[in-house]
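Colleague: Quick one, fold the following:
(one chain, ligands or ions: 3)
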Amino acid sequence: MTNSSNKPVNTIETEAKDFASIADRAISRRNFLSAGVAVGASAFVMGATGMLSSSVANANNAKRNSRFGFKPVAVNSLDTVTVPENYSWEIVTSWGDPLWSNGVEFDHASRGTGASQELAFGDNNDGMSLFSEGDDHILVVNNEYVNRSIFHGNRASGVPENADDVRKSKAGHGLSVVQIEQKDKQWKVIKDAPYNRRITADTPMEITGPARGNDLLKTAADPKAVLAKGTFNNCGNGRTPWGTYLACEENFNGYFGSSDLNYAPTESMKRYGVKNKDRGYGWYKEDERFDISKHPNEVNRFGYIVEVDPMDPASTPKKRTALGRFKHENAEVVVAANGHVVVYMGDDERGEFLYRFVSHNRYVEGGDNTNLLEEGELFVARFNDDFSGEWLALTPATTGMKSQAEISIHTRQAASAVKATTMDRPEWVAANPLKNEVYCCLTNNKNRAVTTNAGGDATPVDGPNPREKNNYGQIVRWTPQDADHTSNIFKWDLFVVAGNPSVHNNAYAGSKNINMQNMFNSPDGLAFDDNGMLWIQTDGKYSNEGDYAGMGNNQMLVGDPSTGEIQRFLVGSKECEVTGICWSGDRRTLFVGIQHPGEKGNSHFPGGGESVPRSSVIAITRDDGGLIG
Ligand code: FEO
Ligand code: CA
Ligand code: CA
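Modeller: Ligands and ions are numbered 1, 2, ... in the order given. Predicted coordinates for the structure are as follows:
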């Protein structure tokens, strides 16, 4: 078996040892498959797993029988959303829309108050899921953060200036639970619906799992460490088969500051980026629990996965400390063949890690599964250069830490102790519903092979992180041994290496399945549809210049895991990221998030004119009412 450059395929395995050349092979792949194959192999390392020949066959099949139900969209830099011909989109809800009739419509001059925001849809919507029971459709949406300059754009300073600004900011964060209905083909929020709920930075949350009651979580307000207050910077999400929603706390560090500038943040604070100076939210000036010099343990109460029951608006959300504390991106839940619940999770920071939780108890269909995330084992991934990988258990014995509680709190330090693989910012993870494989976006990492992570771990070019100063990102996938998600062994390859073939003629041009028509940078959101097609959302550079020339605005693409083919489905508005994705139960509506349009001041999406740009959830339908994905 030979490829078009007459290089025997089996030398790929040998070459795999030389990771200085892996990036070069990414580009050599551009001529890797035989002439006439329209699309690339799924990954440039496929030869190593012996999958190349079937991949070529699949690629040929794909040419004849495409699984893409749309005509691809070209890039653009417009201040609107672009979807394929014969598809339409509409706004479902935007930042500041009131969820109750005692709220007020969004005011573009003041951009709301603390009181109005508490009754309204939050800002910067990110991960979301739709829960349907009969005719009731409940959309649960993360409101990750607020863009200070837009959110507080009524202030000349563009930052919060008083207590009400901080109240508004806290209410702009968290989750929005909104009941929606489709009337005359339009999805709208039902005001005053019984399921409507706001969860904010001040909502009480039960602390569960190993860290519950631990000294490191005790504060003046909660001396028993059992009840935290609030969740924020909820980025990606997850949903469980027992009907709950998982909100993932990501960049929690940016909300803490110190009134005492001489306060010395601890080493464990530094590992998570907690400093004396916050990122401009100003919360610590109005609510002293965010002042690290006064309440240093408060930081240990964030960075978790929060489980919410959307069908019970009175329920107390639960922080699931068993799933570890880091900058959680999303939580992909899989029930393994043996019934244990497996949750795959990325820690989105340069050089941080990829994790897996395996529940102690088993899922029982129709049984009481409500506490499956309470107890289990936590693992971190090591990727070997021979395309094998293993999940390393994080236990007191393997990490040298005192207890599972400490591992649940200082999870990054635990992962460093077992020498996990430092990754190029693991974002969303998605498991193929039709096949035994899991994918993760490694969005980019300008520090790859330049500096260590915050824990001092080296970040060499290796494994699934094959390019130094990786500005485009890639998607890694792995296959658990014996089709068992609880197995500690897996094989991996790269589904796509993003790049720009119009600018580069090397590894930065991307893998074979990247071309001038589908190029993108910084894959972030990731989800499978019921057909086993992979939807890829980007949060990257939208300058459309230099290294990013020809890439336009952030976008959403669809990939075929069996062929590697990737086509663009959507282009977002100016300066937005495209994030958050879920389908209606009948698969005739696709809900997508348009986050932070105009984050640098150059958008009026969706209102146009001189309106304030507002993060929004959109609903996409086919004009013929057909299935999407
Ligand atoms: Fe909130 Fe990692 O993106
Ligand atoms: Ca993200
Ligand atoms: Ca991102």
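Colleague: what's the burial count for the residue in the chain positioned nearest to ligand 3?
Modeller: Of all residues in the chain, Asp539 sits closest to ligand 3, at 3.7 Å by Cβ to the ion. In this view, the C-beta of every residue, glycine as well, is placed from N, C-alpha and C. By other Cβ atoms under 10 Å, the residues close to Asp539 number 25.
Colleague: again, but for Asn384
Modeller: 14.
Colleague: Surely it is in contact with Gly463?
Modeller: Yes - assessed by Cβ atoms under 8 Å, Asn384 is found in contact with Gly463 at 7.0 Å.
Colleague: need the contact list for the closest residue to Lys294 other than its chain neighbours.
Modeller: In space, and not counting its chain neighbours, Lys294 is closest to Glu288: 5.2 Å by Cβ to Cβ, 6 or more residues apart in numbering. Glu288 makes contact with 259, 294-295, according to Cβ atoms under 8 Å, 6 or more residues apart in numbering.
Colleague: Restricted to buried residues, select those residues in PyMOL.
Modeller: In PyMOL, this line selects whichever of these come out buried by 16 or more other Cβ atoms under 10 Å:
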select buried, resi 294+295
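Colleague: Span of stretch 81-93 from start to end?
Modeller: In stretch 81-93, first residue to last residue: 15 Å (Cα to Cα, to the nearest Å).
Colleague: Name the SS class of whatever residue of the chain ends up closest to ligand 2, please.
Modeller: In the chain, the residue that lies nearest ligand 2 is Asp524 (4.3 Å; Cβ to the ion). Secondary structure, DSSP: H, G, I helix; E, B strand; the rest coil: Asp524 is strand.
Colleague: Tell me if I am right that Arg198 is in a helix.
Modeller: No - going by three-state DSSP, the assignment for Arg198 is strand, not a helix.
Colleague: where does it land on pLDDT?
Modeller: For Arg198, the pLDDT comes out at 99.
Colleague: That one is in contact with Asp123, isn't it?
Modeller: No - using Cβ under 8 Å as the test, Arg198 is too far from Asp123 to be in contact (11.9 Å).
Colleague: gap between Asp309 and Ala549?
Modeller: 47 Å (Cβ to Cβ, to the nearest Å).
Colleague: Of these two, give the one with the bigger neighbour count.
Modeller: Each of Asp309 and Ala549 has its neighbours counted (other Cβ under 10 Å); Asp309 has more, 18 against 13.
Colleague: OK, contacts around the residue of the chain closest to ligand 3?
Modeller: Per Cβ under 8 Å, 6+ apart, neighbours of Asp539: 427, 443, 522, 524-525, 554, 577-579, 595.
Colleague: List phi and psi for the residue nearest to Lys294.
Modeller: phi -70, psi -10 (degrees, to the nearest 10).
Colleague: please renumber so the chain begins at 30
Modeller: That works, and once the first residue is 30, the last one we named lands at Glu317.
Colleague: how near is it to Ser540?
Modeller: For Glu317, the distance to Ser540 - Cβ to Cβ - is 50 Å.
Colleague: what do you get for Ala200?
Modeller: Separation of Ala200 from Ser540 (Cβ to Cβ) stands at 43 Å.
Colleague: Can you pick out the residue with more neighbours from the two?
Modeller: More crowded of Ala200 and Ser540, by other Cβ under 10 Å: Ser540, with 29 against 25.
Colleague: Just give me the neighbour total for Tyr274.
Modeller: 27.
Colleague: hmm, I was thinking of Ser106
Modeller: 15.
Colleague: in what helix or strand does Gly375 lie?
Modeller: strand 369-376 (DSSP states H and E).
Colleague: Over to Ala144?
Modeller: Counting by DSSP H and E, Ala144 is found in helix 143-147.
Colleague: Same check on Met548?
Modeller: With DSSP H and E as the criterion, Met548 is inside neither a helix nor a strand.
Colleague: gap between it and Glu639?
Modeller: 33 Å.
Colleague: more crowded one of the two?
Modeller: Between Met548 and Glu639, counted using other Cβ under 10 Å, the more crowded position is Met548 (26 against 7).
Colleague: circling back: I'd like the average pLDDT over the strand holding Gly375.
Modeller: Rounded mean pLDDT across strand 369-376 is 98.
Colleague: Count the residues that sit near Asp397.
Modeller: Counted with other Cβ under 10 Å, the neighbours of Asp397 add up to 9.
Colleague: Ok, Lys475 next?
Modeller: For Lys475, using other Cβ under 10 Å, the count is 13.
Colleague: nearest spatial neighbour of it, skipping sequence neighbours?
Modeller: Lys498 (5.5 Å).
Colleague: give the contact list for the one you found.
Modeller: Counted by Cβ under 8 Å, 6+ apart, Lys498 has contacts 475-479.
Colleague: Which one (most neighbours) among those?
Modeller: Arg477 (25 neighbours).
Colleague: per-residue confidence for that one?
Modeller: 98.
Colleague: Now that it has come up, it's in contact with Gly502, right?
Modeller: No - between Arg477 and Gly502 there is no contact under Cβ under 8 Å: 10.6 Å.
Colleague: name the element Glu210 belongs to?
Modeller: Here Glu210 is assigned to strand 203-212, by DSSP H and E.
Colleague: Check which residues of that strand are buried.
Modeller: Applying 16+ other Cβ under 10 Å to strand 203-212 flags 203-209, 211 as buried.
Colleague: before we move on, what about stretch 331-348?
Modeller: Across stretch 331-348, burial judged by 16+ other Cβ under 10 Å covers 331-339, 346-348.
Colleague: Endpoints of it, how far apart?
Modeller: 9 Å.
Colleague: what about it and ligand 1, touching?
Modeller: No - applying Cβ under 6 Å from any ligand atom, one finds stretch 331-348 separated from ligand 1 by no less than 13.0 Å.
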